[in-house]
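> have a look at this prediction, sequence included:
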Amino acid sequence: MFRLLAFIGALSLCFAYATAADCPLCIGVVACGTNQTIPKVTCTPAVVNQTVLQLNTFYRNTTEFTASSKVYSCVKVNFRSTGSQVDTFAVQGCTAGSKSICRQPTIDFNGSLNCSSQTSSSSTNNYSQRSSTSVLLSVLFIIGAFVTAS
């Protein structure tokens, strides 16, 4: 019985890994600059809250994007004030859910707001993650079958 529970636990960890999203994370124009190497992080509620807190500056109704979720979206937002030649705000990070925060109503501002969002299920970096996860799940299933049969 213990072997079966251990197998189920290992399987659930693999499923959790498969649904996690890795998104670039940076806050600020300098950190998000085009010449910077922006680190990717696994989306967690803490990363989501950090990102959405920054986006509250421009978007209304952001609370639904901080809710606990099994699906995450990567978001990239830049703002350039009217008359400015450079961005004055930049953030990249995670939001909860599959809806795009970019489609939410914005607060009135003078300038240009650029936003792009991509759900973790359609993220290009997740293809290799999904395929390696499916191989891992297959191996675990075979091992689990041998363990429970013995």
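Structure received.
> which parts of the strand or helix carrying Phe79 are buried?
Element membership of Phe79 [criterion: DSSP states H and E] is strand 72-81. Going by neighbour count (16 or more other CB atoms under 10 Å), the buried part of strand 72-81 is Tyr72, Ser73, Cys74, Val75, Lys76, Val77, Asn78, Phe79, Arg80. The C-beta positions use only the backbone N, C-alpha and C, and glycine is treated the same way.
> can you name every helix or strand that it contacts?
Strand 72-81 sits against strand 22-24, helix 45-55, strand 89-96, strand 111-119, with contacts defined as 3 or more CB pairs under 8 Å, 6 or more residues apart in numbering; DSSP states H and E.
> now Cys115: closest residue in space that isn't a chain neighbour?
Nearest residue to Cys115 in three dimensions, chain neighbours excluded: Cys102, at 3.7 Å (CB to CB, 6 or more residues apart in numbering).
> now do the same contact list for that neighbour.
The neighbours of Cys102, taking CB atoms under 8 Å, 6 or more residues apart in numbering as the test, are Val75, Val77, Cys115, Ser116, Ser117.
> and which of these is nearest Gly28?
Of all the contacts of Cys102, Gly28 sits closest to Val77, with 11.9 Å by CB to CB.
> and for the closest residue to that closest one other than its chain neighbours, the neighbour number?
Distance criterion CB to CB, 6+ apart; nearest residue to Val77, sequence neighbours excluded, is Cys115 at 4.8 Å. Neighbourhood size, Cys115 [other CB atoms under 10 Å]: 19.
> surely Cys115 touches Val75?
Yes - Cys115 lies in contact with Val75 (CB atoms under 8 Å); the separation is 6.9 Å.
> what residues are shared contacts of these two?
Counting by CB under 8 Å, 6+ apart, the common neighbours of Cys115 and Val75 are Ser100, Ile101, Cys102.
> for Ser84, see how far away the second one is.
Per CB to CB, to the nearest Å, Ile101 is found 23 Å from Ser84.
> so for the two, which residue has more residues nearby?
Ranked by neighbour count (other CB under 10 Å), Ile101 and Ser84 place Ile101 first, with 22 against 11.
> need the contact list for the more buried one.
Shown in contact with Ile101 (CB under 8 Å, 6+ apart): Val52, Leu55, Tyr59, Thr62, Phe65, Ser73, Val75, Thr95, Cys115, Ser117.
> what about the protein, any weak spots by pLDDT?
The chain contains residues with pLDDT under 70 at 1-20, 120-150.
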